[in-house]
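Peer 1: this one's sequence-less:
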C-alpha cells in the first residue's frame, strides 16, 4: 500500500464512525447512512492527491456528505427507496434512551434542507458561516432554515403530536 492509500486509510479509520453518525441524523436509517458515508469517502479518495490542506478534511467530507444527501433527495431516489423499505425496522443507536429515539424520529420528519442545517449547527457545532459555506447558501438562509427546523421539531415533539404526556417518563 502506497503512502497515499495509507494516509487515506488512516483518515477513514479515524473519522468514518463520526461521519456515519452525522449521516444517520440526516437520513434516519443506518443502512442509508452507511451508503452516504461510502459515497462521500469514495469521492474524497478520488481527489485525495489534490488536497493540500488536510486540516480541513472534516469540513470537506461533511460538505460532500450533506450535498450527496440533498442531491439524492432532489432526484427522488430517497422516495423510491423508502417505498420499498417502509416496514423495515430502523435499528436505534446502541444504549440510547427512549427520549433519544423520539428525537431522532422527529428529526427524520424535518424537511431535508432544514435537517441538514440542524445537524450542522447543533450536532456538528459549526458556525452559521461554516454551515452556509458547506450548503452553498447565505448565512441568512442558514439562520432561517435553522429557525424553521427548530419550530418543526418543537411541533413534532409537542405532547399532542408525539403521544408523550406531561410528566411521563
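Peer 2: Structure received. Bear in mind the structure is a predicted one, so any value in this text is a computation, not a measurement.

Peer 1: for the closest residue to residue 64 other than its chain neighbours, what are its contacts?
Peer 2: Nearest non-adjacent residue to residue 64, counting by Cβ to Cβ, 6 or more residues apart in numbering: residue 40, 4.3 Å away. All C-beta spots, glycine's among them, are computed from the backbone N, C-alpha and C. Neighbouring residues of residue 40 by Cβ atoms under 8 Å, 6 or more residues apart in numbering: 19, 23, 61, 64-65, 68.

Peer 1: can you tell me which of these lies closest to residue 7?
Peer 2: Within these, the smallest distance to residue 7 is 14.1 Å, found for residue 61 (Cβ to Cβ).

Peer 1: which helices and strands sit right next to the helix or strand encompassing that closest one?
Peer 2: Residue 61 belongs to helix 57-75 when assigned by DSSP states H and E. Packing partners of helix 57-75 (3 or more Cβ pairs under 8 Å, 6 or more residues apart in numbering; DSSP states H and E): helix 3-27, helix 30-47, helix 112-118, helix 128-135.

Peer 1: winner for burial among these?
Peer 2: Neighbour counts (mean count of other Cβ atoms under 10 Å) averaged over each of the helices and strands packed on helix 57-75 peak at helix 112-118, with a mean of 23.

Peer 1: all good on my end, thank you.
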